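Student: What follows is a predicted structure for the sequence shown.
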Amino acid sequence: MRPSTKQSRKGNALLEFTLVSIPLIFLLISVVELSRGMWTYSTLAHSIKRGVRYVAVHGASCASASSSCPVTIGDVAREISTGATGLDAAQMSVVLKSSSATQNCSPLSTCLSNAGAWPPSTENDVGYSISISATYPFRSALSMFWPGVGGQHFQPISLGAKSQEEISF
């Protein structure tokens, strides 16, 4: 006796759901990880732009108008750290550059208490160019799904941002 059509199709829905859901879950996790990576980059770029803008509007003219205006390396590092909401200052590497001086803050947390003037007094005048660049490691959760990894993690992707402005005041 031949089984009925209803009985022969009993497991089809479960099989189809399994075959479709695995790629869909991977796609969903990929979208979330891509979004997280873009958020990390955007936050990093925003914080670096914020730091450069802070230096650009606190130049020599500002310092002559107010005693609280001179900028230190620690001030710039705190401004960057404040703008980098959700990013770990102990993992961010920042480089402050003027035309003749460079200050490495690797990681950023090492410069938070630095009382050195930035930019140097010889380059702290209207029209001088300053730039700040930064890198931040991005570790993706997708590495746990990659075949052949066997519990090992991928190396983090290094996201970078750079901003440059002229001192305005």
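Tutor: Done, it's in. As the structure is a prediction and not an experimental result, all values here were calculated from the model.
Student: low pLDDT regions in this structure?
Tutor: Applying pLDDT under 70 to the chain flags the ranges 1-9, 63-68, 143-154.
Student: buried sites along stretch 109-116?
Tutor: For stretch 109-116, a neighbour-count test (16 or more other Cβ atoms under 10 Å) marks C111, L112, N114 as buried. Placement of C-beta: from N, CA and C, glycine included.
Student: Revised request: answer the last question for stretch 45-57.
Tutor: Buried positions in stretch 45-57, judged by neighbour count with 16+ other Cβ under 10 Å: A45, H46, S47, I48, K49, R50, G51, V52, R53, Y54, V55, A56.
Student: Figure out how far that stretch is from the centre of its chain.
Tutor: Put simply, stretch 45-57 sits 14 Å off its chain's centre (Cα atoms, centre = their mean, to the nearest Å).
Student: if we can go back for a sec, closest to F17 among the buried residues of stretch 109-116?
Tutor: L112 (52.2 Å; Cβ to Cβ).
Student: So that closest one is in contact with A89, correct?
Tutor: Yes. L112 lies in contact with A89 (Cβ atoms under 8 Å); the separation is 7.2 Å.
Student: shared neighbours of these two, anything?
Tutor: Residues touching both L112 and A89 (Cβ atoms under 8 Å, 6 or more residues apart in numbering): A77, S81.
Student: helices and strands around the longest helix along the chain, which ones?
Tutor: Longest helix in the chain, counting residues (DSSP state H): helix 12-56. For helix 12-56, the contact count by 3 or more Cβ pairs under 8 Å, 6 or more residues apart in numbering; DSSP states H and E identifies helix 73-83, strand 129-138, strand 157-166 as packing neighbours.
Student: These into a markdown table, with extra columns for distance to I25?
Tutor: Shown next, in a markdown table, are those (distance: least, Cβ to Cβ, whole Å):
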| stretch | distance to I25 |
| --- | --- |
| helix 73-83 | 35 |
| strand 129-138 | 22 |
| strand 157-166 | 22 |
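Student: which of the ones you listed is buried the deepest?
Tutor: Mean neighbour count (mean count of other Cβ atoms under 10 Å) peaks for helix 73-83 among the helices and strands packed on helix 12-56, with a mean of 21.
Student: Measure how far that helix is from the centre of its chain, please.
Tutor: Distance, stretch centre to chain centre, for helix 73-83: 14 Å (Cα atoms, centre = their mean).
Student: what angle do it and strand 129-138 make?
Tutor: Helix 73-83 and strand 129-138 are oriented at 50 degrees to each other (axes from the mean of the first three to the mean of the last three Cα atoms, to 10 degrees).
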